[in-house]
Structure formats: C-alpha cells, structure tokens
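Student: Make a model of this:
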Amino acid sequence: PRSSQTTLFSPSCSLEMLSVPLFALLLAAASAAHGCEPAAKALAGPPTEFPDHEIVDATTTGVSADSSAFLVQFTDAVWAHTLSVDSLQFGFSLFSPVLASLSVTMTDPSGARVDLSGAGSAVNFPGLSDDSTANAALTGTFYTIPNSVLGDYTLTLNCSSLDELSRKMLEATGQNDRQAIVVLYNDSPDVIYSHVTTSQTILGKSLGLGTRMVDPERANGALPPPALKDVVSDAELEVVYPDGHVEVTPMHDDGLHGDGAANDGEYGATFVPSVAGQYVLQALLTGSNANGQFSRTTQHFVEVVPQTIQLTGNVFSTLHPLERRINLHFEVRSLGDVDAVKQPFRIYAEIYGRSKSSGQAAVAWVSRIAEVETVRGKKVLSTDMDVSWFAKAGATGPIAIKNAYIQELTASVPISMEASLQTYTSPAVQERISQGVQELLLGGYKGEVTTAMLVGVPPARGCALNKDAPNGGKLIVLHGYCATANPFQTHASDWTDALFFLNPRAGISMDEYSRKIMEFAEAQGVSSFGLVGHSQGGMAALHMMNYYHTGLDAAVGNRKVQALASPFYGVSVAGLGKLMKDLFGNGNGCEIINELSVDGARNWMAGMSSTAIAQLNYYTTQYDKGGLFGNGWCNKISNQVLSTPNDGTTELKNANVKGAVNRGLTIGQCHLDGMNWPPSYWDHARNAEMNANAAR
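Tutor: You can find the predicted model right below:
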C-alpha cells in the first residue's frame with residue numbers, strides 16, 4: 001500500500017540524562033513515559049581509524065571560484081565599479097529586491113558604452129533549498145557581454161528612480177547598506193582558492209581566511225593547490241557580521257596573518273568575532289596575470305558559536321551493568337548559560353591500554369551523543385565500551401585517554417579539545433578489563449569485531465525503536481533542506497510501502513533532522529524501515545544510522561540507507577547563499593545550515609563511523625556538456641561559484657564518500673526542477689531501482 005503525504009510537527013521530547021548504568025536500565029520505562037527519547041549508540045572502532053575522526057585541519061581544505069561577487073552599497077544613489085575582464089567570454093549577474101527600478105550601464109576599456117539591450121536574461125539563484133518555488137523569489141538578471149575584450153570595464157548602477165514602494169522593500173530587508181549583489185564571471189584559466197584558519201569557530205577566538213590564486217586543474221584535487229605566480233596587487237577580507245554590517249580588513253603575505261610562509265603567494269587576515277551567529281567571510285584578490293587585470297572572490301559561510309562547556313582534562317570510569325562493558329565519564333565545566341548546557345553534545349576520544357610487550361597500546365576510539373549528567377558529584381559527558389577492544393589490542397588496563405574533543409550539534413563545531421587527559425581507572429574497572437580479556441582469550445577469541453563492540457547494546461525501547469510496533473517493513477522517503485513538499489512524492493507511484501516525510505520550510509541541523517525522522521517513525525508505529533533521502537535528507541539518514549539505535553537497524557533488505565544528490569562534504573555556494581538570503585529579506589525563510597557549508601560538513605563527517613558509511617548507497621548527478629556559455633550548467637548563477645561538475649547545488653567532488661557504495665553518476669540531471677536539465681528525483685528508472693533494493 002502507498003501512503004499519503006504526512007506532515008510532522010511533533011515537539012521534541014526531553015529526558016534528563018542519568019548516569020550511564022542507570023540510564024541503560026531505565027531507558028525502556030523512560031521512553032514509554034516520555035514518548036520519544038532517542039537511544040544513542042556507543043560508537044567505537046579500531047585505532048587504524050583514528051585519522052578518520054580527527055577534527056579537520058581547516059588549512060587543508062577550502063573552496064575555489066573563477067568569479068567575483070561585489071556587495072553593492074549606493075552612494076548618492078549611484079554605484080560605479082571596475083570589472084576586470086581577463087577572458088574573451090565574460091558575463092555578470094545582478095540581484096536586487098528592487099531590480100526593476102535600477103538603471104544599469106556599462107563602458108568598455110576604451111570608454112565606449114556597451115549596448116546591454118538584449119544582453120540580459122532572467123535567472124534565479126537556487127541557494128541550498130530543495131524547493132524551486134521558494135528559490136524563484138531570488139531573481140536576477142544575467143548579462144552576456146558580446147564582443148568582449150580584455151581590460152577594465154566600468155559597471156554603473158543608479159537607483160535614483162526608486163519609487164516609494166521600492167524604498168520600502170529595501171527597508172523591509174534590513175539591508176539598506178547592501179542593496180544589490182553583482183557576480184562577475186570570467187571564462188579564465190585562473191581561479192581563487194581559500195580556506196578558513198580554524199575549525200573551532202568559537203566566540204572570542206581568532207578566525208580568518210587564507211587565500212591564493214591557483215591553477216584550476218589543481219583546485220579540486222585532494223591536496224590544497226600551490227599558489228600561482230600571479231601578481232596580486234590588493235587582497236582584502238570582507239566580513240559580513242550576523243547583523244549584516246560589513247568590515248573590511250587588508251590581507252597580507254607575511255607569514256603573520258594566518259597565511260602560511262612569507263612571500264609564498266598566500267594572503268591571510270584574521271579577526272576576533274564579537275558576537276555569536278552566522279558570518280560570511282569573503283576573500284577578494286585583485287592583480288594581474290598573462291591576460292591583464294583580474295579580480296576573484298570566494299565566500300565562506302561560518303557559524304560562530306559560544307563555548308558553553310569545556311573538558312576539564314579529567315576522566316574516570318565505572319562499571320556498566322553488562323559484564324563486559326565499562327563506562328567512561330569525561331568531566332566538563334559549564335562556561336555560560338545554564339540552559340545552553342541542556343542540549344546534546346558529541347564526545348570523542350582515543351583509548352589506550354597497557355601491553356606487556358610494547359608498553360602503551362592503542363585500543364580503540366569511542367564516541368557518543370550525550371547530554372551533561374551528574375555522576376558521583378561531577379558534571380560529565382559519558383559513553384561506554386566493550387572490553388573486547390582491549391583483548392583485540394593485546395592490552396589491559398589501566399586506561400589512558402588522548403585526543404578527546406566535544407562537538408556541539410547545532411553546527412558541528414568542536415568547542416573543546418584536550419590532547420592528553422588524566423584518567424582514573426578504578427580497581428573494579430581494572431579487574432573487569434583484566435578478567436574480560438582473560439576470559440575472551442581462554443575462550444579462543446581471535447580478534448573478531450562484533451556489533452556490540454561497534455555500536456553498543458540497544459535498549460529494549462527508544463524513539464523509533466520498538467520491535468512490537470504495529471507497522472513494519474516500511475520505506476521512509478526524505479526531502480532536502482528547506483522544502484515545502486517532498487519532491488519524490490511528485491511520482492509517488494514509483495514507491496511501494498512508502499511513507500513520505502515532510503518537515504516544511506525547515507533549516508535544521510543534521511541531528512535535529514534525524515530526531516524528526518525518529519519522531520515521524522514513532523508516530524507512524526513503524527517497527528523497521530529503510531531510508532531514501534534527497535540532498536540533506538540523505539545526510540540526515542546517514543547521521544541517524546550512525547548515532548542512534550532505531551528500527552533502521554532492524555530493516556531487512558539490500559540497502560538500509562540510500563542518498564541522491566547529497567552534498568556530504570558541503571556546498572561551496574553556502575556563503576553566497578547566505579548573502580542572497582539576507583539581500584532578499586530572509587529569502588526562502590530558512591536559516592542556512594553550517595553542516596551544509598564546506599567547512600561545517602567536514603567537521604560533521606568526522607563523526608561518521610566506517611560501520612555507518614559502509615551501509616550508505618549514494619547516487620550522483622550533473623549537467624551535460626557545454627560550458628557556461630554553451631548551456632553546460634544546471635543553474636547559470638550557482639555554476640559561477642560551485643566547483644565543476646555539479647548539479648546546480650551539489651558538487652560532484654563533495655558528493656563522493658570513501659567507503660560507501662557509489663551507485664553511479666547520471667549526466668544530464670540537476671538538483672531541482674526548473675533548472676537547465678530535469679531534476680534527479682524525476683528519474684523513474686532510478687526510483688524503481690531504489691525502491692526495489694530498499695530495506696524495510
């Protein structure tokens with residue numbers, strides 16, 4: 001049977017965290033009382049995976065672009081700006097909430113006026129939304145300049161003819177100091193590359209960008225590309241604060257401003273965020289290359305968060321109710337708002353033991369989503385682990401812990417890190433480890449890794465974890481970011497035994513999205529289910545598989561998690577998307593999500609276990625050939641910012657996940673309907689394949 005569309009507005013449930021032993025015993029009763037308390041997995045893995053879970057070095061990953069974005073602020077109703085053209089094909093786009101009231105003129109390098117009549121065509125900016133209707137509000141004009149020459153053009157915008165209605169529209173956006181955005185595209189061999197200076201984007205701590213001009217053939221590689229020898233005459237960092245005001249700081253190549261070595265072609269600048277919230281950091285480089293003058297920009301969307309808690313550097317252990325498990329309690333201190341501490345965090349650490357042959361021995365990594373609780377009078381974040389990891393490593397106690405960190409879950413920002421911690425192994429825990437290792441070895445243990453070692457032991461009951469639920473064998477189909485409808489439901493007949501999830505106009509984190517899915521499954525009375533997700537929906541499905549015990553683990557079939565066009569490593573257009581959203585007065589109505597930005601997504605992916613990734617099946621799509629001026633794009637505007645190839649939102653390089661199952665690339669499909677090629681979710685054959693292979 002096929003279900004009708006379902007809208008979910010379930011409130012989040014809450015349960016005060018107990019100590020891990022008591023929590024494990026009482027979760028079933030608590031779930032029944034509170035309705036939908038998630039059951040977090042106690043994740044673990046071998047030491048060979050330590051590098052996979054390190055917080056990403058922000059200087060080793062970045063974004064690139066062959067375009068320039070200019071924030072327009074009128075002076076006496078006029079904005080005149082130089083557009084440096086270093087290719088024989090170029091164009092520019094203009095976006096403004098009062099576009100129809102602006103006068104646009106241009107002169108070429110000789111001073112002659114450029115005829116723009118007939119050169120402009122209507123375009124829309126797709127942002128990150130899964131809803132083409134909402135994106136239609138972000139409209140602009142793209143101008144293709146005929147018979148272009150190399151050199152400096154001058155673009156002039158005049159808003160003196162604004163009527164009263166247009167002025168009120170500008171006032172309504174709250175962006176009177178930024179009334180338009182111009183994006184210049186050069187079909188040039190040079191691109192700009194930039195990276196943030198830190199992954200710890202915390203209130204009051206230094207933050208900035210490093211940037212350089214690079215060869216486009218190397219811009220999308222696995223390693224940061226080296227700087228070209230272009231002559232950079234000016235480098236600026238433009239910081240757009242959460243309230244919309246802009247501050248401009250010079251960037252330097254002196255080795256002192258987050259820029260690497262002196263005179264290496266990389267420029268940097270830093271600042272200290274004064275308020276928490278959503279920032280856009282834009283790097284602007286101007287200079288000269290073999291074709292003359294150039295200008296390039298990149299944009300980074302960055303979420304700055306307060307540091308609400310901090311690791312103290314102390315850890316203690318207690319006995320778990322199950323005989324071959326132990327609890328680890330990481331002591332924390334509160335640094336601010338008490339209410340801000342009443343939220344889940346992710347704790348991660350590397351566990352070491354003692355080996356008779358080699359001294360200290362790496363045992364396993366551990367991770368869990370947990371809330372701050374009180375154990376033995378201490379505020380802690382807790383997890384538990386199977387002592388079989390010690391047997392596998394040929395080690396025993398006492399325990400040593402290294403490289404621990406805490407991530408908050410609204411933006412996946414690491415807020416506290418400790419390289420080495422003081423760890424107390426109680427005599428009772430020491431005995432449990434020693435006895436457990438001895439029993440395993442005497443029983444013929446050969447290093448096998450069990451499910452309990454990897455994800456812990458599920459409780460009898462949790463949110464979307466109910467083997468006695470009346471409905472089983474369902475497929476839950478998920479939409480992407482900020483959708484007003486589930487795009488797969490356009491062709492509902494492609495799916496069987498399916499439930500179409502909808503949380504409309506929502507800009508929510510991966511953790512909140514996955515909790516919404518669990519609440520949906522709970523409300524539907526589903527005992528087992530598979531997941532298919534478009535865009536952010538695929539990411540949320542992976543997040544839920546990774547962190548929570550649910551009916552997804554009980555699903556029977558080939559593929560538990562399937563994703564279509566999901567940007568697992570973020571999208572380069574997030575920064576420009578934030579600027580557009582603010583320009584149009586909140587645009588499609590959804591907050592930009594840090595975990596969809598390139599920098600935020602990499603921090604988020606650091607939490608994914610190889611166990612969950614191995615169960616991910618993903619599909620990718622992209623435009624067909626043709627180039628920007630030959631119809632080879634999904635969205636003409638986003639293509640100026642995204643790395644190529646892409647589907648108008650998701651870049652191919654950021655959609656591929658090592659260790660997951662790549663089910664194939666389709667050329668000639670885009671992210672949404674209304675783009676230059678059909679949307680990926682209208683592909684009946686692929687839908688049928690996903691439906692037939694989905695676990696339920």
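
Student: quick one: low-confidence parts of this protein?
Tutor: Applying pLDDT under 70 to the chain flags residues 1-35, 132-137, 162-178, 222, 338-340, 586-589, 626-631.

Student: All the helices of it, residue numbers only.
Tutor: Assignment of helices within the chain using DSSP state H yields the ranges 20-34, 132-135, 164-173, 216-219, 338-341, 388-393, 427-442, 451-455, 510-523, 536-547, 574-583, 598-605, 610-613, 684-693.

Student: Single out the most deeply packed of those helices.
Tutor: Among the helices of the chain, helix 536-547 has the highest mean neighbour count (mean count of other Cβ atoms under 10 Å), at a mean of 28. C-beta: built from backbone N, CA, C; applies to glycine.

Student: Tell me what angle that helix forms with helix 598-605.
Tutor: 30 degrees (axes from the mean of the first three to the mean of the last three Cα atoms, to 10 degrees).

Student: Which residues are in contact with the residue lying closest to residue 408 once chain neighbours are set aside?
Tutor: Using Cβ to Cβ, 6 or more residues apart in numbering and skipping residues adjacent in sequence, the residue nearest residue 408 is residue 415, 5.4 Å away. With contacts defined as Cβ atoms under 8 Å, 6 or more residues apart in numbering, residue 415 is in contact with 200, 202, 305, 307-310, 406-408.

Student: Looking at those, which is nearest residue 538?
Tutor: Distance ranking of the contacts of residue 415 against residue 538, using Cβ to Cβ, places residue 407 first at 20.7 Å.

Student: hang on, isn't residue 297 packed against residue 63?
Tutor: No. If you go by Cβ atoms under 8 Å, residue 297 and residue 63 don't touch, sitting 10.6 Å apart.

Student: Comparing those two, which residue is more hemmed in?
Tutor: residue 63 (30 against 25; other Cβ atoms under 10 Å).

Student: how near is the more buried one to residue 108?
Tutor: Using Cβ to Cβ, to the nearest Å, residue 63 is found at 31 Å from residue 108.

Student: How about residue 616?
Tutor: From residue 616 to residue 108 the distance is 51 Å (Cβ to Cβ).

Student: Also residue 530?
Tutor: Residue 530 is 58 Å from residue 108, where distance means Cβ to Cβ.

Student: So those two - more neighbours on which side?
Tutor: Using other Cβ under 10 Å as the criterion, residue 530 and residue 108 rank with residue 530 on top: 28 against 17.

Student: Tell me how far that one lies from residue 559.
Tutor: 7 Å.

Student: repeat for residue 191
Tutor: Using Cβ to Cβ, residue 191 is found at 37 Å from residue 559.

Student: out of those two, which sits in the busier spot?
Tutor: Using other Cβ under 10 Å, the more surrounded residue of residue 191 and residue 559 is residue 191, with 23 against 20.

Student: Who is the residue lying closest to residue 257 once chain neighbours are set aside paired with across the strands?
Tutor: Using Cβ to Cβ, 6+ apart and skipping residues adjacent in sequence, the residue nearest residue 257 is residue 268, 4.2 Å away. In this entry, residue 268 is beta-bridged to residue 210, residue 252, by DSSP bridges.

Student: from memory residue 268 sits against residue 206, does it?
Tutor: No. The criterion here is Cβ under 8 Å, and residue 268 misses it with residue 206 at 11.1 Å.

Student: Neighbour count: these two, which is higher?
Tutor: Each of residue 268 and residue 206 has its neighbours counted (other Cβ under 10 Å); residue 268 has more, 26 against 13.

Student: Please spell out which residues along stretch 545-561 are buried.
Tutor: Burial within stretch 545-561, assessed by neighbour count using 16 or more other Cβ atoms under 10 Å, is assigned to 545-555, 559-561.

Student: That stretch: how far from the chain's middle?
Tutor: Using Cα atoms, centre = their mean, to the nearest Å, the mean C-alpha position of stretch 545-561 is found 22 Å from that of the whole chain.

Student: Could you do stretch 682-689 as well?
Tutor: That offset, for stretch 682-689, works out to 27 Å (Cα atoms, centre = their mean).

Student: cool, stretch 106-114 as well?
Tutor: For stretch 106-114, the distance to the chain centre is 42 Å (Cα atoms, centre = their mean).

Student: What residues sit buried inside that stretch?
Tutor: Buried-residue list, stretch 106-114, by 16+ other Cβ under 10 Å: 106, 108-109, 114.

Student: Turn these into CSV, columns for distance to residue 580.
Tutor: Output for the buried residues of stretch 106-114, formatted as CSV (distance: Cβ to Cβ, whole Å):
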residue, distance to residue 580
106, 22
108, 28
109, 30
114, 25
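
Student: and which of these is nearest residue 322?
Tutor: Nearest to residue 322 among these, with distances taken as Cβ to Cβ, is residue 106, at 72.4 Å.

Student: Is that closest one in contact with residue 148, as I believe?
Tutor: No. Residue 106 is not in contact with residue 148 according to Cβ under 8 Å; the separation is 10.7 Å.

Student: Pull up the gap between the most centrally placed residue in the chain and residue 109, please.
Tutor: The residue lying closest to the centre of the chain (Cα atoms, centre = their mean) is residue 595, at 2.3 Å. As judged by Cβ to Cβ, residue 595 and residue 109 stand 44 Å apart.

Student: returning to that earlier point: of all the contacts of residue 415, which comes closest to residue 290?
Tutor: residue 200 (39.4 Å).

Student: Look up phi and psi at that closest one.
Tutor: The phi and psi values for residue 200, taken as degrees, to the nearest 10, are phi -90, psi 80.

Student: correct me, but it touches residue 408?
Tutor: No. Residue 200 lies out of contact with residue 408 (Cβ under 8 Å); the separation is 11.0 Å.

Student: who's more crowded, those two?
Tutor: Higher neighbour count among residue 200 and residue 408: residue 408, with 24 against 19, using other Cβ under 10 Å.

Student: Residue 120 - nearest residue in space that isn't next to it in sequence?
Tutor: Residue 120 sits nearest to residue 141 (Cβ to Cβ, 6+ apart), 4.4 Å away.
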